[in-house]
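>>> quick one, what's the 3D model for this:
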Amino acid sequence: MNETRLAKDAYVKTAVPVGIVAGLLSGLPFINMLNCCCFYYLGGGFLAVFLLSRRSDIMTLVDGLLCGVITGFATGVVASLLNGISLMLGFNQGLYAVKTMMKLYEKIELPPEAAVKINEQLAEQMENLQNMTVADVLKNSLIAIVSAIVVCAIGGLIAALIFKKEAKPQAENEQSGS
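A predicted model of the protein is given here:
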């Protein structure tokens, strides 16, 4: 165990691999449907800080926040790249989800005015998804990266609160070394 502050590369060596895995889970079609409530993002930030806390005797909220932000950036970039690739290959998961919802709403007996409103909204969403431009994809990617950073940072802060370790006072370190 290391009694000093964490080296800057310790954050990167811990956060980036965890971020890549969380990004893969968040960006792979169908697997990412399990990412309800940003679970992969929160879990990624939490796991990265947990692993970082095992490498040092000191873990502060700042350490958790920084590790979570780095994890979030890696997660957001990987997820955005995977989403962009799947869109270029012609698979639009949002479109698939809207079509699935339309089928579900057909099976549910709704009041006529509600059914009309829902069908109008779903048709509008479908049209928007079919007409996505490169600018739309880039905007969505930027939003995804910022969201991943924020949520992973929250996961990192939660982990830092749980695994927080204070530095030993200097006098106590000197006495234990004598």
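>>> quick check: closest non-adjacent residue to the residue most central in space within the chain.
The centre of the chain sits closest to residue 41, judged by C-alpha atoms, centre = their mean, with a distance of 2.6 Å. Distance criterion C-beta to C-beta, 6 or more residues apart in numbering; nearest residue to residue 41, sequence neighbours excluded, is residue 151 at 3.8 Å. Yep, even glycine has a C-beta here, placed from its N, CA and C like the rest.
>>> go ahead and confirm the one you found touches residue 40.
No - the criterion here is C-beta atoms under 8 Å, and residue 151 misses it with residue 40 at 9.1 Å.
>>> what's the residue nearest to residue 41 in contact with, if anything?
Going by C-beta atoms under 8 Å, 6 or more residues apart in numbering, residue 151 touches 38, 41-42, 45, 72.
>>> tell me the one of the residues you listed nearest residue 103?
residue 38 (26.3 Å; C-beta to C-beta).
>>> thinking the closest one is in contact with residue 144, fair?
No - applying C-beta under 8 Å as the test, residue 38 and residue 144 come out as separate, 10.8 Å apart.
>>> ramachandran coordinates for residue 59?
phi -140, psi 110 (degrees, to the nearest 10).
>>> surely it meets residue 52?
Yes - here residue 59 reaches residue 52: they are 7.2 Å apart, a contact under C-beta under 8 Å.
>>> more neighbours, those two?
residue 52 (28 against 25; other C-beta atoms under 10 Å).
>>> nearest residue to the more buried one in space, ignoring adjacent ones along the chain?
Using C-beta to C-beta, 6+ apart, the nearest residue to residue 52 is residue 14, at 4.6 Å.
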